[in-house]
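>>> Attaching a predicted model along with its sequence, questions to come.
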Amino acid sequence: MELSIKQVWQLIRKSFEAFFENNPFRHSAAIAYYTIFSMPGIAIIAVMVAGSFYEREAVRTELLNQVTLLMGSNSATQIETLMNKAFFSAESFVMKMVGVVTLLVSATTVFASLQQSVNTIWNIKPKPDKEILKFVTNRLLSLAMVASIGFLLLVSLMADTMIAILKEAMSGILAGSSYYLVWIINVGISLVLITLVFALIFKVLPDAEVRWKHVWTGAIVTTALFITGKYLIGYYLSTSNLGDAYGAAGSLVALLAWVYYSVLIVLYGAQFTFTYNQLKGRSIRPNDGAVAVKVQEIEKGHESVTKIE
């Protein structure tokens, strides 16, 4: 069933109304804060996963190239610095294990936080009697998400290799046009990978029963908003001198701001996905380990009391 112009407008309006009702700025600020601490762990584990099948240094370079495409060279340099500082070289076995556990916890925290935010947007809450099991499951799920990023990084690296071979083979045929062809293919692959990441987030992270066909539209819309927001956020950061105002910590503050605004886009994508499925008559229901949450406002005299069921 195709949506009419009136339904598209209704979808956009309802998505924004519900989005702002869920206090997205608080969620985005919390996730951005966790991301700064999780980023080195995510990057290192992703490189380790992809490096199991490909040369690790090449994987590391590809990761930084992808970050440069998304966030800019300054953010890529900051992430590289965080990765270098995160490596531990302790000789003690106990200290190495502490380092490994710290790395795993930090890498999975951001996805666990993102899961809670998407659950809130989708009106879902884990059952209170399964909190310990849920905590362990969430960490394993978040670790799987990090490993998936490593796999997608490997796919990107292999695609770059194939593109380089294709460029060399066609250089004599297309001459100067080969540069633009390679650029178009690179952009296309990046868009596909970003869409896959968002689809995985909406499909796997929330405590909900959701099918793949329910998340693709939202993932594509989120990718379009994310790419558009990338340029708008980059323009804002480059013209506002936000980083310069904080001196030595300026690049880290700029990265934090970039993540904050990007998370807002992702959370709106989650809201859009939920509202779109509602409009299409598809219900996103909680899984066996969660319950649906209903927020109801009850008038008491001149005061409005919010009741959560």
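Yes, it's here. Numbering: from 1, shown residues only.

>>> pLDDT value on residue 139, please?
In this model, residue 139 is scored at 69, pLDDT.

>>> what does residue 238 give?
69.

>>> now do residue 206
87.

>>> got a list of what residue 274 touches?
Residue 274 sits next to 18, 121, 122, 284 when contact means Cβ atoms under 8 Å, 6 or more residues apart in numbering. Using the backbone N, CA and C atoms, a C-beta is placed for each residue, glycine as well.

>>> can you tell me the helix or strand for it?
helix 250-279 (DSSP states H and E).

>>> which one among the contacts of residue 274 gets closest to residue 47?
Residue 47 lies nearest to residue 121 out of the contacts of residue 274, by Cβ to Cβ, at 31.0 Å.

>>> my guess is that closest one contacts residue 270, does it?
Yes - counting by Cβ atoms under 8 Å, residue 121 does reach residue 270; the two are 5.0 Å apart.

>>> if you count what's nearby, which of these two comes out ahead?
Neighbours were counted for residue 121 and for residue 270 using other Cβ atoms under 10 Å; residue 270 has more, 29 against 24.

>>> Who are the contact partners of that one?
Residue 270 makes contact with 117, 118, 121, 122, 201, 202, 218, 222, according to Cβ under 8 Å, 6+ apart.

>>> Can you pull the poorly scored residue ranges out of this structure?
Applying pLDDT under 70 to the chain picks out residues 1-2, 69-72, 85-100, 129-135, 138-139, 142-179, 237-238, 241-250, 296-309.

>>> any chance you could map the helices in it?
In the chain, the helices defined using DSSP state H lie at 5-21, 24-51, 56-71, 73-86, 93-121, 131-174, 177-204, 212-240, 250-279.

>>> now, of these, which is deepest in the fold?
helix 250-279 (a mean of 22; mean count of other Cβ atoms under 10 Å).

>>> how long is stretch 196-214 from one end to the other?
Start-to-end span of stretch 196-214 (Cα to Cα, to the nearest Å) is 13 Å.

>>> got it, and stretch 197-215?
11 Å.

>>> Go ahead and name everything in contact with that stretch.
Outside stretch 197-215, the residues touching it (Cβ under 8 Å, 6+ apart) are 111, 114-115, 118-119, 122, 124-126, 141, 144-145, 148-149, 152, 216, 218-219, 222-223, 226, 266, 269-270, 273, 277, 282, 284-287, 289-290.

>>> can you tell me which of the contacts of residue 270 lies nearest to residue 63?
residue 201 (18.6 Å).

>>> For residue 47, see how far away residue 39 is.
For residue 39, the distance to residue 47 equals 12 Å [Cβ to Cβ, to the nearest Å].

>>> shared neighbours of those two, anything?
Contacts common to residue 39 and residue 47, judged by Cβ under 8 Å, 6+ apart, are absent.

>>> List the buried residues in stretch 122-131.
Across stretch 122-131, burial judged by 16 or more other Cβ atoms under 10 Å covers 122, 123, 124, 125, 126.

>>> What's the local residue count around the closest residue in space to residue 137 that isn't next to it in sequence?
Excluding its sequence neighbours, the residue lying closest to residue 137 (Cβ to Cβ, 6 or more residues apart in numbering) is residue 289, at 7.7 Å. Look at residue 289: counted by other Cβ under 10 Å, it has 13 neighbours.

>>> Please look at residue 289 and residue 126 and confirm they touch.
Yes - shown here, residue 289 and residue 126 form a contact pair, counting by Cβ under 8 Å, at 6.0 Å.

>>> which ones are touching the spatially closest residue to residue 218 that is not a sequence neighbour?
Once flanking residues are discounted, residue 218 sits nearest to residue 273: 2.8 Å by Cβ to Cβ, 6+ apart. By Cβ under 8 Å, 6+ apart, the contact list for residue 273 reads 202, 214, 215, 217, 218, 219, 222.

>>> how close does residue 273 get to residue 84?
Using Cβ to Cβ, residue 273 is found at 37 Å from residue 84.

>>> With residue 295 instead?
45 Å.

>>> Need the nearest residue in space to residue 33, chain neighbours excluded.
Here the nearest residue to residue 33 in space, its sequence neighbours aside, is residue 256; by Cβ to Cβ, 6+ apart that works out to 7.7 Å.

>>> Could you find the closest non-adjacent residue to residue 68?
residue 76 (4.2 Å).

>>> what's the burial count for residue 280?
Residue 280: 14 neighbours (other Cβ under 10 Å).

>>> Could you measure from it over to residue 214?
9 Å.

>>> Can I get stretch 32-47 as CSV, trimmed to CA atoms?
What follows is stretch 32-47, C-alpha atoms only, in CSV (Å, rounded to 0.1, in the frame of the first residue of the first chain):
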residue,chain,number,x,y,z
ALA,A,32,27.1,10.9,23.2
TYR,A,33,28.8,10.8,26.6
TYR,A,34,29.0,7.0,26.6
THR,A,35,30.2,7.0,23.0
ILE,A,36,33.3,9.0,23.8
PHE,A,37,34.3,6.2,26.2
SER,A,38,33.0,3.4,24.0
MET,A,39,34.6,4.5,20.7
PRO,A,40,38.1,3.2,21.3
GLY,A,41,36.8,-0.2,22.4
ILE,A,42,34.4,-0.4,19.4
ALA,A,43,37.1,0.5,17.0
ILE,A,44,39.7,-1.9,18.4
ILE,A,45,37.2,-4.9,18.5
ALA,A,46,36.0,-4.1,15.0
VAL,A,47,39.6,-4.0,13.8
